[in-house]
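Participant: Model the following, please.
(2 chains)
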Protein chains: 2
Amino acid sequence: MYTIGIDLGGTNIAIAITKEGKILIKKSIPTFNKRDYKDIVKDMGDTSLALINEVGLSKDEIQSVGIGSTGLCDSNSGTIIYSSNLNFNNAPIREAFQKYLNVPVYIENDANVAAFGEYHYGAGKKYKDLVAITLGTGVGGGIILDGRLITGSFNGGGEIGHMVIEAKGEQCSCGRKGCWEAYSSATALIRDTKKAALQFPHSMINKLVENDLNKINGKTPFDAAELGDEIGKKVIKQYIEYLSIGMANIINIFQPEVIVISGGISNQRDKLIEPLKERISKKIYGGIKYFKTDIRVAELGDEAGVLGASILNIMHNS
Amino acid sequence: MYTIGIDLGGTNIAIAITKEGKILIKKSIPTFNKRDYKDIVKDMGDTSLALINEVGLSKDEIQSVGIGSTGLCDSNSGTIIYSSNLNFNNAPIREAFQKYLNVPVYIENDANVAAFGEYHYGAGKKYKDLVAITLGTGVGGGIILDGRLITGSFNGGGEIGHMVIEAKGEQCSCGRKGCWEAYSSATALIRDTKKAALQFPHSMINKLVENDLNKINGKTPFDAAELGDEIGKKVIKQYIEYLSIGMANIINIFQPEVIVISGGISNQRDKLIEPLKERISKKIYGGIKYFKTDIRVAELGDEAGVLGASILNIMHNS
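Facilitator: Numbers count the residues shown, from 1 in each chain, chains lettered A, B, ... in the order given. Got it, this is the predicted structure:
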């Protein structure tokens, strides 16, 4: 049997037909995100049917559909409760989608779904308990304990980026000050790199972007540090210190077998992971001998979303 | 059938025979904590047998024994891995205890066990997901999601008191700076009350303890505030602010149905809970409409330990 995985984002919708973790066919279409939910679901339904046809399957061979969506999702009712990226308020997505393909439809938040993908097919596949962290515009999280997604009693849990680690600290987009996200997102790293470049105009950072600070991205300070730039090194050191504070908190609370890191910054691989482990090891409750959690980079990239979505039936039927 | 619940602490050992959440008989004996584990287990075994006899039961009527112990416990092997209060290192408690009473013996950390007691018989009994917080010498935690204790992959999770909320902040006993425990334990409240009393020698705090600052306890600043003392009010306001930061973090991560607070400070009841709720409501990710977690005071007091221990068989057989 086959399943369909859909990754519904604010900009694009990726749709894939999968079998046992392998993608048979995948297509990406624009979301046009300010439309009525029914129009967006129509595009998802029509594209799903077209893909089924294209690979020579019949509708009966599709076992279930999983949707990972931006925003707050109620998996029980199959509703997207609220999304600021999509213009949705209590949108009954399952019901609307089943008009196109009448199979079980499962809906979860996209960060959770991507974590579920890594857990089953990616960097987490050897582990029982996993916390996934995405270092992107914000800091997203997905928590899986013994195969179960921890989504909170009211579908709004797992917001590990909004754990305050520095009371009265940097302003966070959520309104609070000092959230982990305000220190460890790519956005925060870019902010701090710009600040350093302004303060030290002769740094390598400025050279790398030809003095156009708007060209600074999450890679810039790592590149500057790699070239021996002291300012770049300082920015990275502080970034990793705050990242390690939040990760040590997560380990002290959950002690998962593995933390999987995704998002653009995770492309730095060992340049990120090795100093990060060193900093975390100083912060574990009980000392370094209790630091047993592996720290790994995600493996599935963009496909974590559709792969995780395609197996949401596993979670809901276990 | 009956079960035995044992609460093994650094000072006392409480032992109770229970049936369906009711204590039939309970006895407390001193731990004499620097002894060999075998001698301590002998006292636990002998006392258990004496209590069985005293209530007129036979050994065969005891279904299981649960032990909630201070320290790091491995529930799978039935071992107390390490305890700084007890002089234990990899002590095989289950095996030793079964020489006295050959029934299934379950061992868990005492904070987890007390949370389990409140979950089944106390303030958490109407809820599916619960986080228990003890405000005592430190800040202890127990996390129960869908009936399961979250103890971490290596038995060392649930250390929510050692979540840093103020990087570079107050020194914590664990070696890090800025842990939640360093702001929200009774120890921290007493420290801050003493500081305030030294700084403002004419405050009501000083009067209440007749200028002997060693008499300050967790109740003193609440009493001073109740009498209208501005210094007392300020101490309590700051204490509740930091407590609310950690609790909002817990809610953003877990979004449990209820948080149950125990420990001496929880005796302040509404004087603690009402302002605490008000402060938490400002800090919930997504705003006040996502603040759906109830905040309650524990109901079982000292009996949470033996009651929780007496039903550890439920958790391990579910």
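Participant: so where do the strands sit in the stretch 151-300 of chain A?
Facilitator: A:258-262, A:294-297 (DSSP state E, counting those that start in this stretch).
Participant: looking at those, which is buried most?
Facilitator: strand A:258-262 (a mean of 25; mean count of other C-beta atoms under 10 Å in any protein chain shown). Glycine gets a C-beta too; all of them are placed from N, C-alpha and C.
Participant: quick one: contacts of that one?
Facilitator: By C-beta atoms under 8 Å, 6 or more residues apart in numbering or on different chains, the surrounding residues in contact with strand A:258-262 are A:114-115, A:118, A:122-124, A:126-127, A:129-135, A:247, A:250-251, A:272-273, A:293-298, A:301, A:304.
Participant: if you set the cut-off to 6 Å instead, what comes out?
Facilitator: The contact list for strand A:258-262 (C-beta atoms under 6 Å, 6 or more residues apart in numbering or on different chains) reads A:118, A:123-124, A:127, A:130-134, A:294-298.
Participant: do stretch A:59-70 as well
Facilitator: A:1-10, A:80, A:83, A:85, A:103-108, A:110, A:113, A:305, A:309-310, A:312-313.
Participant: Could you pick out which of those are located in helices?
Facilitator: Among these, the ones falling in helices (DSSP state H) are A:110, A:113, A:305, A:309-310, A:312-313.
Participant: Could you name the residue of chain A that is farthest from its center?
Facilitator: Distance from the C-alpha centroid of chain A, by C-alpha atoms, centre = their mean, peaks at A:H202 (35.2 Å).
Participant: so how far is the helix or strand harbouring A:K38 off the chain centroid?
Facilitator: Assessed by DSSP states H and E, A:K38 sits inside helix A:37-54. Its chain's average C-alpha position is 24 Å from that of helix A:37-54, according to C-alpha atoms, centre = their mean, to the nearest Å.
Participant: Ok, stretch A:24-39 next?
Facilitator: The answer for stretch A:24-39 is 19 Å, by C-alpha atoms, centre = their mean.
Participant: Likewise for stretch A:257-274?
Facilitator: 12 Å.
Participant: Looking at that stretch now, give me its mean pLDDT.
Facilitator: Average pLDDT, stretch A:257-274: 96.
Participant: counting contacts, what elements does the helix holding A:K38 pack onto?
Facilitator: Here helix A:37-54 touches strand A:12-19, strand A:22-30, helix A:93-97, going by 3 or more C-beta pairs under 6 Å, 6 or more residues apart in numbering or on different chains; DSSP states H and E.
Participant: Can you tell me which of the ones you listed is nearest to chain B?
Facilitator: Proximity to chain B (C-beta to the nearest C-beta) singles out helix A:93-97 among those, at 19.5 Å.
Participant: separation between the nearest residue to A:N267 once chain neighbours are set aside and chain B?
Facilitator: Leaving aside its chain neighbours, A:N267 sits nearest to A:K219 (7.5 Å; criterion: C-beta to C-beta, 6 or more residues apart in numbering or on different chains). From A:K219 across to chain B, the span is 25 Å (C-beta to the nearest C-beta, to the nearest Å).
Participant: Tell me, how many residues neighbour A:K219?
Facilitator: By other C-beta atoms under 10 Å in any protein chain shown, 18 other residues sit near A:K219.
Participant: Please report phi then psi for it.
Facilitator: phi -80, psi -30 (degrees, to the nearest 10).
Participant: re earlier: in the helix or strand that the helix holding A:K38 is followed by, what counts as buried?
Facilitator: Using DSSP H and E, the next helix or strand after helix A:37-54 towards the C-terminus is strand A:62-69. Neighbour counts using 16 or more other C-beta atoms under 10 Å in any protein chain shown place A:62, A:64-69 of strand A:62-69 among the buried residues.
Participant: can you list the residues of the stretch 201-318 of chain A near chain B?
Facilitator: A:245, A:249, A:252-255, A:257, A:283, A:285, A:290, A:292 (C-beta under 6 Å from any C-beta of the partner chain).
Participant: Which ones among the residues you listed lie within helices?
Facilitator: Residues of those located in helices (DSSP H): A:245, A:249, A:252-254.
Participant: Throw the residues you listed into a markdown table and include neighbour count, thanks.
Facilitator: Below are those laid out as a markdown table (neighbours: other C-beta atoms under 10 Å in any protein chain shown):
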| residue | neighbour count |
| --- | --- |
| A:I245 | 26 |
| A:N249 | 27 |
| A:N252 | 27 |
| A:I253 | 28 |
| A:F254 | 26 |
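Participant: What is the distance between stretch A:51-69 and the centre of its chain?
Facilitator: 24 Å.
Participant: Start and end of that stretch, how far apart?
Facilitator: End-to-end distance of stretch A:51-69 (C-alpha to C-alpha, to the nearest Å): 20 Å.
Participant: Residue in the stretch 101-250 of chain A with the shortest distance to chain B?
Facilitator: For the stretch 101-250 of chain A, C-beta to the nearest C-beta, closest residue to chain B: A:G152, 2.8 Å.
Participant: so who does that residue touch?
Facilitator: A:G152 touches B:Q255, counting by C-beta under 6 Å, 6+ apart.
Participant: for the lowest-mean-pLDDT helix or strand in chain A, the distance to its chain's centre please.
Facilitator: The weakest-scoring helix or strand in chain A, judged by mean pLDDT, DSSP states H and E, is helix A:312-316 (a mean of 86). Taking C-alpha atoms, centre = their mean, one finds the center of helix A:312-316 at 19 Å from the center of the full chain.
Participant: got a list of contacts for that helix?
Facilitator: Contacts to helix A:312-316, defined as C-beta under 6 Å, 6+ apart, come from residues A:64, A:66, A:106, A:108.
Participant: Tell me the spacing between the first one and B:K292.
Facilitator: Using C-beta to C-beta, to the nearest Å, one obtains 29 Å as the distance from A:S64 to B:K292.
Participant: pLDDT value on the residue nearest to A:N267, please?
Facilitator: Note on A:K219: pLDDT of 97.
Participant: Now do the residue of the stretch 101-250 of chain A closest to chain B against A:I81, distance only.
Facilitator: Applying C-beta to C-beta to A:G152 and A:I81 gives a distance of 12 Å.
Participant: now do A:L227
Facilitator: 47 Å.
Participant: State the number of residues packed around the nearest residue to A:V164 once chain neighbours are set aside.
Facilitator: Leaving aside its sequence neighbours, A:V164 sits nearest to A:G178 (C-beta to C-beta, 6+ apart; 4.7 Å). For A:G178, the tally of surrounding residues (other C-beta under 10 Å) stands at 21.
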